[in-house]
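Undergrad: pasted the sequence and its predicted model underneath.
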Amino acid sequence: MSFLKIYPYGLYGIFNKFRYVIYLFVESTFFENLMTIAVAINTIVLSLDRYNIPASEEATLTTMNFYFTITFMAEMTLKLIGLGPITYLSDKMNYLDGSVVLLSIVELAFLSGGGTLSAFRAVRIMRTFRVLRVARLLKSLQSMQTIMDVISRSISSFCYLALLLLLFIFIYALLGMQLFGGNMNFDNGLPRANFDSFNISFVTVFQLLTLENWQNILYDLMR
């Protein structure tokens with residue numbers, strides 16, 4: 001038996017027909033692949049921005065970013081119409097997409113404004129958040145989804161490990177103050193990494209854990 005979809009009469013029925021067409025479109029593989037390609041190209045465009053960029057190239061990138069913003073705004077609108085707000089918000093990835101789109105809209109509103117709004121050109125930093133769209137590429141990779149699922153299930157264990165590490169740093173910072181406090185006051189000055197106070201001792205122990213210039217601390221303690 002073929003599937004029949006019955007719509008009510010009137011404008012509500014017309015809207016439901018239109019919404020069902022939009023639903024089929026946004027749920028299609030073509031639409032998902034199209035948006036994935038757009039995200040990848042947008043990420044490349046954002047990576048082309050740099051310090052002391054020529055004005056002509058900056059204008060080109062700005063124009064491209066504007067059209068990408070319009071594209072993602074249209075995607076968000078189509079999903080809200082086709083899926084409905086409840087179904088749209090049930091996907092956590094849409095929270096990220098929606099937030100980036102809203103930030104992009106705010107950026108465009110401030111950057112295109114004149115007078116007082118032009119004083120807020122520092123809002124361009126919001127463009128950096130567009131890079132978060134690259135996380136959508138993980139949805140198309142099954143292996144990456146598996147890794148992300150494992151990490152999300154293990155995040156509570158990571159928190160306990162972080163607390164344990166913090167406890168060890170706290171203990172060794174106090175131990176360093178007892179053993180080496182006041183022993184690094186050399187004629188050429190006090191080294192930045194020392195154990196004279198708790199806050200500096202804490203940072204010094206963390207520096208040792210990261211192996212960042214650990215040999216300098218070793219040599220200073222051997223003097």
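TA: Everything's here; your move. Numbering: from 1, shown residues only.

Undergrad: go through the protein and flag its longest helix.
TA: Using DSSP state H to define each element, the chain has its longest helix at helix 142-180.

Undergrad: buried stuff in the helix or strand just after that one?
TA: Downstream of helix 142-180, the next assigned helix or strand under DSSP states H and E is helix 198-209. Residues 200-205, 207-208 are the ones in helix 198-209 that count as buried (16 or more other CB atoms under 10 Å). From N, CA and C alone the C-beta is placed, and that goes for glycine too.

Undergrad: give the full set of residues in contact with residue 98.
TA: Residue 98 makes contact with residue 76, according to CB atoms under 8 Å, 6 or more residues apart in numbering.

Undergrad: buried set for the helix or strand hosting it?
TA: Secondary structure from DSSP H and E places residue 98 in helix 92-111. Using 16+ other CB under 10 Å as the test for burial, helix 92-111 gives 94, 97-98, 100-101, 103-104, 107-108, 110-111.

Undergrad: kindly report the same for stretch 166-185.
TA: For stretch 166-185, by 16+ other CB under 10 Å, it's 169, 172-174, 176-177, 180, 184.

Undergrad: return the member of those nearest to residue 67.
TA: residue 169 (48.7 Å; CB to CB).

Undergrad: is it true that that closest one touches residue 205?
TA: Yes. Between residue 169 and residue 205 there is a contact under CB atoms under 8 Å: 5.1 Å.

Undergrad: just list the residues touching residue 45, thanks.
TA: Residue 45 makes contact with 61, 64-65, 68 under the criterion CB under 8 Å, 6+ apart.

Undergrad: which ones are touching the residue nearest to residue 203 when sequence neighbours are not counted?
TA: Distance criterion CB to CB, 6 or more residues apart in numbering; nearest residue to residue 203, sequence neighbours excluded, is residue 193 at 7.5 Å. Counting by CB under 8 Å, 6+ apart, residue 193 touches 200, 203-204, 207, 213, 216-217, 220.

Undergrad: do that again at 6 Å, thanks
TA: Contact analysis of residue 193 by CB atoms under 6 Å, 6 or more residues apart in numbering lists 204, 207, 217.

Undergrad: quick check: closest non-adjacent residue to the first one.
TA: Right, residue 204. In space, and not counting its chain neighbours, residue 204 is closest to residue 193: 4.4 Å by CB to CB, 6+ apart.

Undergrad: could you report the pLDDT at that neighbour?
TA: Predicted confidence (pLDDT) for residue 193: 89.

Undergrad: any idea how far it is from residue 221?
TA: 10 Å (CB to CB, to the nearest Å).

Undergrad: try residue 178
TA: 14 Å.

Undergrad: any low-confidence regions in this structure?
TA: 1-10, 12, 111-128, 139-142 (pLDDT under 70).

Undergrad: check contacts around the residue sitting nearest the centre point of it.
TA: Geometric centre of the chain, nearest residue: residue 132, 4.1 Å, by CA atoms, centre = their mean. Applying CB under 6 Å, 6+ apart to residue 132 gives the contacts 96, 100.

Undergrad: same question, residue 173
TA: Residue 173 sits in contact with 201-202, 205, where contact means CB under 6 Å, 6+ apart.
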